[in-house]
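> When you get a sec, could you give me coordinates for this:
(chains A and B)
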Amino acid sequence: GENVEQHPSTLSVQEGDSAVIKCTYSDSASNYFPWYKQELGKGPQLIIDIRSNVGEKKDQRIAVTLNKTAKHFSLHITETQPEDSAVYFCAGAGGTSYGKLTFGQGTILTVHP
Amino acid sequence: GAVVSQHPSRVICKSGTSVKIECRSLDFQATTMFWYRQFPKQSLMLMATSNEGSKATYEQGVEKDKFLINHASLTLSTLTVTSAHPEDSSFYICSAQGATDTQYFGPGTRLTVL
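The predicted structure is shown next:
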């Protein structure tokens, strides 16, 4: 089955700086990679996703890049704000996982004012 | 759009009792719903996948007789934790998938078994 590794486990930045979170996956047949933001005591919220036929996708301050050859994808948050502080999860789906999401371990992002 | 609700948001029960958690897709039809559990400071672990009108598929290590899943309509799935014990205390989260493979998550249910 799919295995998704996520790094770093914690990330601390100053307001206005950029934050980058990286994930690698094992199943070369995976074709869908969403990113979720989870605030304390709440369910995950989809913030951006990318499919294997696209190399990069951007939505305002958030961007995701995908390198299929290397089997890794990254989340980029620019001009970070304190409200970006949360736990971020990457996930992979498709291929042998038949649409089920396999999550990374999560990254605790803290943005200091 | 793509709103998923869960009820209740929190539940406290005595050991040995059963608890039912509802998951609803409010503005779309969910052909597939997923149930996850999440322990503190950990990632989401898939428990089972349910398709409307058919039996749920459970992940390895998840007891199907303990975690009963029903997906009776395209907008509602329920998870019943039977004979709950303190080790079942966790954060249970559902997600719903419609016409695409995108999963939208509910707000979660905090279960505490005394």
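
> what does the helix or strand containing B:Ser5 contact?
Assigned by DSSP states H and E, B:Ser5 belongs to strand B:4-7. Strand B:4-7 is contacted by residues A:43, B:21-26, B:30, B:93-96, B:104-109 when judged by Cβ atoms under 8 Å, 6 or more residues apart in numbering or on different chains. The C-beta positions use only the backbone N, C-alpha and C, and glycine is treated the same way.

> let's see 7 Å
B:21-26, B:94-96, B:104-109 (Cβ atoms under 7 Å, 6 or more residues apart in numbering or on different chains).

> now stretch A:86-100
Applying Cβ under 7 Å, 6+ apart, the contact partners of stretch A:86-100 are A:1-2, A:4, A:6, A:21, A:23, A:25, A:27, A:29-39, A:44, A:73, A:75, A:101-104, A:106-109, B:43, B:46, B:49, B:101.

> swap in stretch B:105-114?
Residues outside stretch B:105-114 that contact it (Cβ under 7 Å, 6+ apart): A:42-44, B:4-6, B:8-15, B:19, B:21, B:23, B:81, B:84-86, B:88-95.

> And A:Arg51, how far from B:Gly16?
46 Å (Cβ to Cβ, to the nearest Å).

> For the two, work out which one has more neighbours and name it.
Neighbours per residue (other Cβ atoms under 10 Å in any protein chain shown) separate A:Arg51 from B:Gly16, with A:Arg51 holding more: 13 against 10.

> on that earlier part again, which of the contacts of stretch B:105-114 fall within strands?
Within the contacts of stretch B:105-114, residues falling in strands by DSSP state E are B:4-6, B:10-13, B:19, B:21, B:23, B:81, B:90-95.

> Selection in ChimeraX covering whichever of those are buried, please.
Buried members of the ones in strands among the contacts of stretch B:105-114, defined by 16 or more other Cβ atoms under 10 Å in any protein chain shown, are picked up in ChimeraX with:
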select /B:4,5,6,11,13,19,21,23,81,90,91,92,93,94,95
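
> Next up, the contacts around A:Pro113.
By Cβ under 7 Å, 6+ apart, the contact list for A:Pro113 reads A:Glu15, A:Pro82.

> Give me the neighbour count for residue 65.
All of this is about chain A. Per other Cβ under 10 Å, the neighbour tally for A:Thr65 reads 17.

> looking at chain B here, not the other one
With other Cβ under 10 Å as criterion, B:Asp65 counts 8.

> No more questions from me, cheers.
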